[in-house]
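Engineer: Give me a model of this one.
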Amino acid sequence: MNIPPRNMEKFEKLLNMIMKFDKVVRYAAVCNNDGKILWQSQREGVENILSADETKNTVKRAVSSWKSRNELTDKVGRGMYAVAAYEKIKRITVPLNNNYMLFVSTDNRPKKKGEYGQTAGMGKIMSIVDFVNSNK
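Structural biologist: Model (predicted):
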């Protein structure tokens, strides 16, 4: 699959900005409409919770979920993002232009007993996505 160099530059910029804005971001990737990871970044010093194959399968399931959500677009509008929260992590998916998807994994481990981490600011993530998409 040939990906236009301009898209690859945007993916790199997007992931760099996502990784820099908040230390709770563990991993970020951009994948295509088939769930193939095209560009990825992992925070240095962070241990993987899932294997590479498990991550690939998780991304493919997320893409499949977005395809299902898109069947309702005419009724509910275009999907903006989805968050799945687990005890250890949160997974954030954001559809991007041209049939790509942003996949972000953040830390959700309790800071104190009984308290779970905060979701990385969705407003900030969406601002980064909009900024990168608007730069031609």
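
Engineer: who are the neighbours in contact with residue 98?
Structural biologist: residue 7 (C-beta atoms under 8 Å, 6 or more residues apart in numbering). Every C-beta, even on glycine, is put in place using the N, C-alpha and C of the backbone.

Engineer: what's the pLDDT at it?
Structural biologist: If you check residue 98, the pLDDT there is 74.

Engineer: Spatially nearest residue to the residue nearest in space to the middle of the chain (excluding sequence neighbours)?
Structural biologist: In the chain, the residue lying closest to the centroid (C-alpha atoms, centre = their mean) is residue 103, at 1.9 Å. Leaving aside its chain neighbours, residue 103 sits nearest to residue 29 (4.7 Å; criterion: C-beta to C-beta, 6 or more residues apart in numbering).

Engineer: Pretty sure residue 109 sits in a helix.
Structural biologist: No: judged by DSSP: H, G, I helix; E, B strand; the rest coil, residue 109 forms no part of a helix; its state is coil.

Engineer: Residue 86 is in contact with that one, correct?
Structural biologist: No: if you go by C-beta atoms under 8 Å, residue 109 and residue 86 don't touch, sitting 10.3 Å apart.

Engineer: just to revisit the earlier point, contacting residues around the residue nearest to the centre of the chain?
Structural biologist: 28, 29, 30, 31, 59, 62, 91, 92, 93.

Engineer: Which residue ranges of the chain form helices?
Structural biologist: With DSSP state H, the ranges of helices along the chain come out as 5-21, 52-69, 73-76, 122-134.

Engineer: hey, what's the residue nearest to the centre of the chain bridged with?
Structural biologist: On the basis of DSSP bridges, residue 103 is bridged to residue 29, residue 93.

Engineer: okay, it: pLDDT?
Structural biologist: pLDDT, residue 103: 95.

Engineer: For it, give its distance to residue 74.
Structural biologist: Relative to residue 74, residue 103 is positioned 25 Å away (C-beta to C-beta, to the nearest Å).

Engineer: before we move on, what about residue 21?
Structural biologist: Taken as C-beta to C-beta, the span from residue 21 to residue 74 is 33 Å.
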